[in-house]
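K.L.:
build me a structure from this.
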Amino acid sequence: MRLWTSVVVSVLGAIPALAQGPFSFSDGQAPRDVVIPAAVPVIFQVVSPGDAPLILRTTTLLNHVWFDAIAPYHTTAVGISSTIPRRPAAEQNDTNRNTAIFYASLRMLESLYPTFTEEWRQMMLSVGLDPDDASTDLTTPIGIGNVTGAAVVAAREQDGMNQLGNEPTDPTVVRADTGRPYSDYTGYEPENTPYELAHPGKWQPSITDNGYGIFRAQQFVTPQYALVEPYSYSNPAQFNAIPPVASNPANPNYRRQADAVLRASALMTDRQKMIAELFDDKISSLGFSALFVTVSQNMSLEEFVHYDFLTNLAAFDTGIAIWKEKRRHNAVRPFSAIRYLYEDQLVTAWGGPGEGTVDLPANQWQSYLPVADHPEYPSASAAFCAAHAQSSRLYLGTDSLGWSIDVLQGSSRIEPGHTPQQNITIGWNTWTEFEQECGMSRFWAGVHFPPAIPAGQSIGREIGTLAYDYLTAYINGTPP
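P.N.:
Coordinates of the predicted model:
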């Protein structure tokens with residue numbers, strides 16, 4: 001979490017409200033100043049930074065309640081899951097917007113993370129609000145917040161992600177779970193076991209360890225994500241990636257793409273390592289690049305909510321289509337292919353934390369980043385970044401970004417104390433650079449073959465445009 005901490009300091013430290021102390025309802029921004037800092041530690045306590053489906057669902061639904069909560073205080077916007085009469089112009093101020101946002105956030109956080117009730121109560125008490133005020137008076141911001149929060153909860157608790165552990169309602173759908181929250185109800189089973197690669201072109205769950213003797217076999221994380229209800233389109237079947245023919249072991253490119261991963265592993269620089277770590281954490285990369293934009297462009301509270309919701313729903317909707325494609329192609333990860341091809345032969349590559357480039361048996365090779373718990377193709381991270389970048393370009397009207405992060409010597413999460421060897425700065429002048437290096441970082445770090453990157457980016461860009469059109473319609477009061 002060291003890199004994440006530096007990102008938080010560099011971005012949130014620039015927010016005047018945090019530096020001034022107590023939250024100001026008239027000048028502050030509840031999502032950025034209070035809700036996000038309260039929610040992020042809880043998210044990382046229960047979800048890995050790399051588990052994008054669960055992180056994106058949390059951030060998107062929080063943004064959804066913020067959007068609906070302030071729609072009655074906008075000149076044209078209408079809610080997505082709620083229909084509340086527009087408030088008079090005299091009430092369209094940030095004091096009311098912030099109050100509504102706090103109560104809407106409370107209702108959503110209670111739904112998403114019900115075991116952290118005390119944390120959410122403290123969030124409200126810290127700004128002088130009563131967490132027990134359940135008013136539904138639509139002439140007040142408290143009532144609007146409570147009603148819109150409840151409306152979004154009702155609309156999304158059973159959206160296909162199985163948050164409550166009781167989906168689907170269709171009795172013809174196979175259930176493979178025991179009714180636990182977020183468990184798979186689709187009956188997905190990998191074609192390989194963690195112990196045997198019977199089908200070398202197909203995904204193999206990895207065996208992970210914590211470095212202290214605890215080993216676990218992976219399961220496909222939320223394979224039902226492919227069935228979740230999207231916002232900006234009706235059916236993910238309209239998005240298709242070209243089949244990953246190079247992942248067929250009968251194809252000569254199977255070996256070539258494995259060798260390309262090994263070469264990248266051997267040549268990985270400190271800058272590439274730190275970029276890979278940043279983009280592996282979707283809050284630090286997607287979330288805080290958006291926060292940087294809102295701060296650097298001095299966005300109003302309304303602009304912040306609209307922009308942040310846009311980028312989150314773009315990535316969220318992209319993930320639904322990508323998970324559909326991951327299930328369809330079920331492609332092998334580099335670690336499995338490399339071990340299959342070379343077994344105990346020596347290969348030249350990164351040798352593990354602090355080891356640098358070495359010769360080691362192929363069956364001991366590991367990617368720089370932990371292997372994600374889902375099939376390889378297309379790259380989800382490349383797709384998320386493409387959707388994020390495309391929606392940002394459209395909303396902001398420019399490709400310019402100008403985001404940079406100072407990374408301290410030895411602050412690596414993977415190689416603490418070793419990487420980087422000296423203080424460095426990583427950054428991107430444009431969203432195009434951001435998108436491209438995000439995708440390439442997955443190849444540098446050994447978790448994707450090269451074809452998975454443009455395959456993900458193509459889908460992400462397309463959905464980024466759809467997300468912009470979708471949300472713009474709601475902002476203009478002309479929803480589809």
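K.L.:
who are the contact partners of the closest residue to residue 205 other than its chain neighbours?
P.N.:
Setting aside the residues directly before and after it, residue 205 is nearest to residue 218 in space (CB to CB, 6 or more residues apart in numbering), at 3.9 Å. All C-beta atoms are positioned from the backbone trio N, CA, C, and that covers glycine. Neighbouring residues of residue 218 by CB atoms under 8 Å, 6 or more residues apart in numbering: 194, 205-208, 371, 373.
K.L.:
one more time with 6 Å
P.N.:
The contact partners of residue 218, by CB atoms under 6 Å, 6 or more residues apart in numbering, come to 205-206, 373.
K.L.:
quick one: the helices in the stretch 101-250 of the chain, in order.
P.N.:
117-125, 141-156 (DSSP state H, counting those that start in this stretch).
K.L.:
for residue 35, find the nearest of those helices.
P.N.:
Proximity to residue 35 (CB to CB) singles out helix 117-125 among those, at 7.0 Å.
K.L.:
what are the buried residues along that closest one?
P.N.:
Neighbour-count burial for helix 117-125 flags 120-121, 123-124 (criterion: 16 or more other CB atoms under 10 Å).
K.L.:
before we move on, back to that, present the helices of the stretch 101-250 of the chain as CSV; the columns should include distance to residue 379.
P.N.:
Listed next are the helices of the stretch 101-250 of the chain as CSV, based on distance: least, CB to CB, whole Å:
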stretch, distance to residue 379
helix 117-125, 34
helix 141-156, 26
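K.L.:
quick one: pLDDT of the residue nearest to residue 205?
P.N.:
You'll see residue 218 listed with a pLDDT of 94.
K.L.:
mind listing the strands for the stretch 201-350 of the chain?
P.N.:
For the stretch 201-350 of the chain, the strands defined by DSSP state E, counting those that start in this stretch cover 207-209, 215-217, 346-350.
K.L.:
so where's the stretch 51-200 of the chain shaky on pLDDT?
P.N.:
Along the stretch 51-200 of the chain, the parts satisfying pLDDT under 70 run over 170-178.
K.L.:
let me see the contact set for residue 439.
P.N.:
Contacts of residue 439 (CB under 6 Å, 6+ apart): 382, 453, 457.
K.L.:
packing partners of the helix or strand hosting the first one?
P.N.:
Yep, that's residue 382 we're talking about. Here residue 382, judged by DSSP states H and E, is contained in helix 380-396. Helices and strands touching helix 380-396, by 3 or more CB pairs under 6 Å, 6 or more residues apart in numbering; DSSP states H and E, are helix 301-329, helix 431-444, helix 452-475.
K.L.:
possible to save the ones you listed as a markdown table with mean pLDDT?
P.N.:
Below are those laid out as a markdown table (pLDDT from 0 to 100):
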| stretch | mean pLDDT |
| --- | --- |
| helix 301-329 | 98 |
| helix 431-444 | 98 |
| helix 452-475 | 98 |
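K.L.:
of these, flag the one that's most buried.
P.N.:
helix 301-329 (a mean of 26; mean count of other CB atoms under 10 Å).
K.L.:
orientation of it relative to helix 452-475 in degrees?
P.N.:
Using axes from the mean of the first three to the mean of the last three CA atoms, to 10 degrees, the direction of helix 301-329 lies 140 degrees away from that of helix 452-475.
K.L.:
could you list every helix and strand that helix 301-329 packs against?
P.N.:
If you count contacts as 3+ CB pairs under 6 Å, 6+ apart, helix 301-329 packs onto helix 52-70, helix 288-296, helix 380-396, helix 452-475.
K.L.:
can I get the ones you listed in CSV with distance to residue 167?
P.N.:
Listed next are the helices and strands packed on helix 301-329 as CSV, based on distance: least, CB to CB, whole Å:
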stretch, distance to residue 167
helix 52-70, 14
helix 288-296, 30
helix 380-396, 22
helix 452-475, 23
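K.L.:
which stretch among the ones you listed comes nearest residue 428?
P.N.:
Nearest to residue 428, of all the helices and strands packed on helix 301-329, is helix 288-296, at 8.3 Å by CB to CB.
K.L.:
that closest one packs against which elements?
P.N.:
Helix 288-296 packs on helix 2-12, helix 301-329, going by 3+ CB pairs under 6 Å, 6+ apart.
K.L.:
can you redo these as CSV with distance to residue 431?
P.N.:
Below are those laid out as CSV (distance: least, CB to CB, whole Å):
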stretch, distance to residue 431
helix 2-12, 17
helix 301-329, 11
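K.L.:
tell me which of these sits nearest to residue 410.
P.N.:
From these, taking CB to CB, the stretch that ends up closest is helix 2-12, at 8.3 Å.
K.L.:
for that closest one, give the mean pLDDT please.
P.N.:
Averaging pLDDT along helix 2-12 yields 46.
K.L.:
run a quick neighbour tally on residue 421.
P.N.:
As a burial measure, residue 421 scores 10 neighbours (other CB atoms under 10 Å).
K.L.:
and what of the one 4 residues further on?
P.N.:
Around residue 425 there are 10 other residues, counting by other CB under 10 Å.
K.L.:
next, it: secondary structure please.
P.N.:
strand (DSSP: H, G, I helix; E, B strand; the rest coil).
K.L.:
quick one: contacts for it?
P.N.:
404, 406.
K.L.:
give me the pLDDT for it.
P.N.:
The predicted local confidence for residue 425 is 98.
K.L.:
follow-up on the earlier one: and the contacts of residue 439 as a markdown table, adding distance to residue 109?
P.N.:
What follows is the contacts of residue 439, written out as a markdown table (distance: CB to CB, whole Å):
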| residue | distance to residue 109 |
| --- | --- |
| 382 | 30 |
| 453 | 34 |
| 457 | 32 |
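K.L.:
residue 104 against residue 69, yeah?
P.N.:
Yes. Using CB atoms under 6 Å, residue 104 is in contact with residue 69, at 3.9 Å.
K.L.:
now list whatever residues contact both of these two.
P.N.:
What both residue 104 and residue 69 touch, as defined by CB under 6 Å, 6+ apart, is the set 145, 148.
K.L.:
more crowded one of those two?
P.N.:
residue 69 (35 against 32).
K.L.:
and for residue 341, the neighbour number?
P.N.:
17.
K.L.:
please name the residues that touch it.
P.N.:
Residue 341 makes contact with 255, 258, according to CB under 6 Å, 6+ apart.
K.L.:
ok, residue 263 - contacts?
P.N.:
By CB under 6 Å, 6+ apart, no residues touch residue 263.
K.L.:
break the chain into its domains for me.
P.N.:
If you go by automatic domain parsing, the domain ranges for the chain are 2-156, 207-475.
K.L.:
Throw the ones you listed into JSON lines and include distance to residue 185, thanks.
P.N.:
Output for the domains of the chain, formatted as JSON lines (distance: least, CB to CB, whole Å):
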{"stretch": "domain 2-156", "distance to residue 185": "15"}
{"stretch": "domain 207-475", "distance to residue 185": "6"}
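K.L.:
coming back round to it: to residue 362, which of the helices and strands packed on helix 380-396 lies closest?
P.N.:
Nearest to residue 362, of all the helices and strands packed on helix 380-396, is helix 431-444, at 18.2 Å by CB to CB.
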